[in-house]
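> return atomic coordinates for the entry below.
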Amino acid sequence: MLFPTLETERLKLIEITPFHAFSLFEILSLEEVTRYYGTDTFTSIEEAKKLIDMFQKNFYEKRSMRWGIVLKENNKFIGTLGLNGLQLKNKKAEIGYEIHPSYWRKGYTSEAIKEILRYSYLELGLNRIGAVVYLENEASSNLLEKLGFKKEGELRDYLFQNNSYHTTSMFSLLKREWELLTAESMGAQAQ
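The predicted structure is shown next:
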C-alpha cells in the first residue's frame, strides 16, 4: 500500500521517512511543542528516528497514518499531523498534530487538518474523528472548535507525561457534521 501524498494551497502532506529525522527532532526537542504532545521533550535524534520507524510500522499495520507537513514554496518540513488509533472497521480515528513554533498562527495547521478531514471522510470512509487535547492547550481547543469539532467531555488522568497525570478534553467531528459545514462553507463562497 502506497502512502498517500496530499496537497493544499500552500502545503504538501507527505510520508515521513528517515530523511526527515533531523527536522522532526528540531520540532520535538522544543519544550513549547511537547508540552501538550503526550511525550517528553526529545533529547537525541535517535528518538526522532525511532518515532519515524513507529509511524511507518503503524501505517503498514493500518493502525495509524502520520503525514509530514511541508511548505510548497521551499520544501521546509514544519510539522506532522495524522490519524492515531485508526480503526477502519469501526470507521474512526483520532487526529493529532504539532508544528514548529515559527509557523504558529499562520493557518497552516488548520489548512492541513481540513485536508486530512476530507481524506478521512471521503477516501478512507471514516465516520468519526476524535481529538484528545490537554485542558491547558487553549489554542488547540479553539482551533478544533473553529473547525466544527464538539467537546464531548473530559478524560480524567488520561495521559502520563513528565512524571504526572494530565486530564484531557475529548473532541469529535462526525462525517455528517463535516458535510454540513463543508456545504455551508461552499454556499458562503458562492455568494
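> which secondary structure element is home to residue 80?
Here residue 80 sits within strand 77-87, counting by DSSP states H and E.
> that strand packs against which elements?
With contacts taken as 3 or more C-beta pairs under 8 Å, 6 or more residues apart in numbering; DSSP states H and E, strand 77-87 sits against helix 21-28, strand 65-71, strand 92-99, helix 108-118. C-beta: built from backbone N, CA, C; applies to glycine.
> most tightly packed of those?
Mean neighbours per residue, mean count of other C-beta atoms under 10 Å, is largest over those for strand 65-71, with a mean of 23.
> quick one: it to strand 77-87, angle?
With axes from the mean of the first three to the mean of the last three C-alpha atoms, to 10 degrees applied, the angle from strand 65-71 to strand 77-87 works out at 160 degrees.
> all helices of this protein, in order?
Counting by DSSP state H, the chain has helices at residues 21-28, 31-34, 45-60, 108-118, 138-146, 175-190.
> contacting residues around the shortest one?
Contact partners of helix 31-34, identified using C-beta atoms under 8 Å, 6 or more residues apart in numbering, comprise 27-28, 40-42, 98-101.
> in this structure, where is pLDDT below threshold?
Scanning the chain for pLDDT under 70 picks out the ranges 188-191.
> can we see that at 90?
Screening the chain residue by residue with the criterion pLDDT under 90, one finds the ranges 1-2, 34-41, 136, 159-164, 166-167, 182-191.
> residue 93 reaches residue 86, doesn't it?
Yes. When contacts are counted by C-beta atoms under 8 Å, residue 93 is listed as touching residue 86 (4.4 Å).
> phi, psi for the nearest residue to residue 29 once chain neighbours are set aside please.
On the basis of C-beta to C-beta, 6 or more residues apart in numbering, the spatially nearest residue to residue 29 that is not a chain neighbour turns out to be residue 42, at 4.6 Å. For residue 42, the backbone dihedrals (degrees, to the nearest 10) come out as phi -70, psi 140.
> do residue 76 as well
Reported as degrees, to the nearest 10, the phi and psi values for residue 76 are phi -80, psi 130.
> what's the neighbour count on it?
13 (other C-beta atoms under 10 Å).
> repeat that for residue 143.
Under the criterion other C-beta under 10 Å, the count of neighbours that residue 143 has is 17.
> so who does it touch?
109-110, 113.
> and if we set it to 7 Å?
For residue 143, the set of contacting residues under the criterion of C-beta atoms under 7 Å, 6 or more residues apart in numbering consists of 109-110.
> with residue 101 instead?
For residue 101, counting by C-beta under 7 Å, 6+ apart, the contacting residues are 30, 32-33.
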